[in-house]
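Undergrad: Fold the following and give me the result.
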Amino acid sequence: MRSIFRVAVLFALCIVGYPLGVDSFSTGSSSPATFRPRTSVVSFMAGGSDVDPNEIIARRITVRGDVNGGYVRSSIVNEASRFRRLIGTMSPPENESDTAEVYVEGKRKMVDGFIRWCEKGSKHVGLSQTLTVENVEEEEPTGLYDGFYAKTN
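TA: Below is the predicted model:
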């Protein structure tokens, strides 16, 4: 009877939308299942501080590499807009340099994930393209963009 109750509770929680993990339920030999919410990965990574993963933040990222090539630029646009739902822009490199600025706004968890993706660089861009992160600066969100754009010269 207890196993039917546990399955019913799991099913109800899945419908409601609770994020369940292996450690979400504790079972004991004599006690019924009790729900323990998981700690957020973002708050765990931030040292346990009260960081809201859905807070809207902005970052200016300076990247170096083959940023003038179309493949790197389209990869950054796809990662930021399609996969992470971020808004902002990528500036073209000035004077044929190999440095560009990427300005992104969005939820903290998405922006942090995008920065980690950029830091992985050449492993995820592909082919013989290179990409390294030079600098990441905090900015105030402006809300001026309605999507993510890669500016051209």
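Undergrad: show me the contacts for S74.
TA: For S74, the contact set (Cβ atoms under 8 Å, 6 or more residues apart in numbering) comprises A150. Heads up, the C-betas are built off the backbone N, CA and C, glycines and all.
Undergrad: any idea how far A150 is from V111?
TA: 17 Å (Cβ to Cβ, to the nearest Å).
Undergrad: All the strands of this protein, residue numbers only.
TA: 25-26, 34-35, 56-65, 87-90, 99-107, 131-139, 148-150 (DSSP state E).
Undergrad: on that earlier part again, between V111 and A150, which is the more surrounded one?
TA: More crowded of V111 and A150, by other Cβ atoms under 10 Å: V111, with 24 against 19.
Undergrad: My read is that that one contacts I57, right?
TA: Yes: counting by Cβ atoms under 8 Å, V111 touches I57, with 5.6 Å between them.
Undergrad: May I ask which helix or strand of the chain has the lowest mean pLDDT?
TA: Least confident helix or strand of the chain, by mean pLDDT, DSSP states H and E, is helix 41-45 with a mean of 40.
Undergrad: hey, what's the closest residue to Y103 other than its chain neighbours bridged with?
TA: Distance criterion Cβ to Cβ, 6 or more residues apart in numbering; nearest residue to Y103, sequence neighbours excluded, is G88 at 4.4 Å. Counting by DSSP bridges, G88 forms beta bridges with V104, F148.
Undergrad: can you tell me how far G88 sits from S128?
TA: G88 sits 27 Å away from S128, going by Cβ to Cβ.
Undergrad: neighbour-wise, which of the two wins?
TA: Per other Cβ under 10 Å, whichever of G88 and S128 has more neighbours is G88, with 26 against 9.
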